[in-house]
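# With the sequence up front, the predicted model follows.
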Amino acid sequence: MNKSLVIGGLISLLSLAPEIGSAQSGTCKSTDAFSNHVIASLRLLMSPTNSAERTAIGLPQVNTAEVALISDANICTQARLAMDSLAHAWNPNAASPPLDSRALYVVQVGNTYCVFNPYVASNNNYEFLYYFASNWQFVSMRVL
């Protein structure tokens, strides 16, 4: 992955921390063309020919039926808190962002979660996807 893309992702996450929020309601973003695109991309990663990329991301190989958009508000709340923690870990001196209840996309890939924030501005049409283990420990970030 291009170093400038990683830095761009970190900067977008930190500079738009109010978009990520703290102590959120955790609403889930519903199915739309963008979520369908991300799910299709994640399902392509399940192909045996994409094992190197999948391994680099930290994703398990699962049946494509196990790649699904989440609609459970409790899981989305946990995703929001994980994103908040990640932003705080990367910039602990930043002021706490205001409460924000805007929805996140959360896709479950086996026992891993892929989280993406539709409110973070995209540069050069890149979307930053954040991967978390089932215990919400940060695994990796990928540009889609």
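It's in.
# Wait, Cys114 touches Glu127, no?
No. Using C-beta atoms under 8 Å, Cys114 is not in contact with Glu127, being 10.9 Å away. Backbone N, C-alpha and C define where each C-beta goes, glycine included.
# list residues touching both of these two?
With contacts defined as C-beta atoms under 8 Å, 6 or more residues apart in numbering, the residues shared by Cys114 and Glu127 are Val38.
# So if I had to pick from those two, which one is more boxed in?
Taking neighbours as other C-beta atoms under 10 Å, Cys114 and Glu127 compare with Cys114 leading, 26 against 18.
# in the sheet, who's paired with that one?
Beta bridges link Cys114 to Val107, Tyr131 when assigned by DSSP bridges.
# Identify the residues contacting it.
Residues in contact with Cys114 (C-beta under 8 Å, 6+ apart) are Val38, Leu42, Val106, Val107, Gln108, Leu129, Tyr130, Tyr131.
# quick one: which of the residues you listed is nearest to Val143?
Within the contacts of Cys114, the smallest distance to Val143 is 7.6 Å, found for Leu129 (C-beta to C-beta).
# so which strand or helix has that closest one?
According to DSSP states H and E, Leu129 maps onto strand 128-132.
# tell me what that strand is packed against?
Strand 128-132 sits against helix 3-15, helix 73-90, strand 112-116, strand 138-143, with contacts defined as 3 or more C-beta pairs under 8 Å, 6 or more residues apart in numbering; DSSP states H and E.
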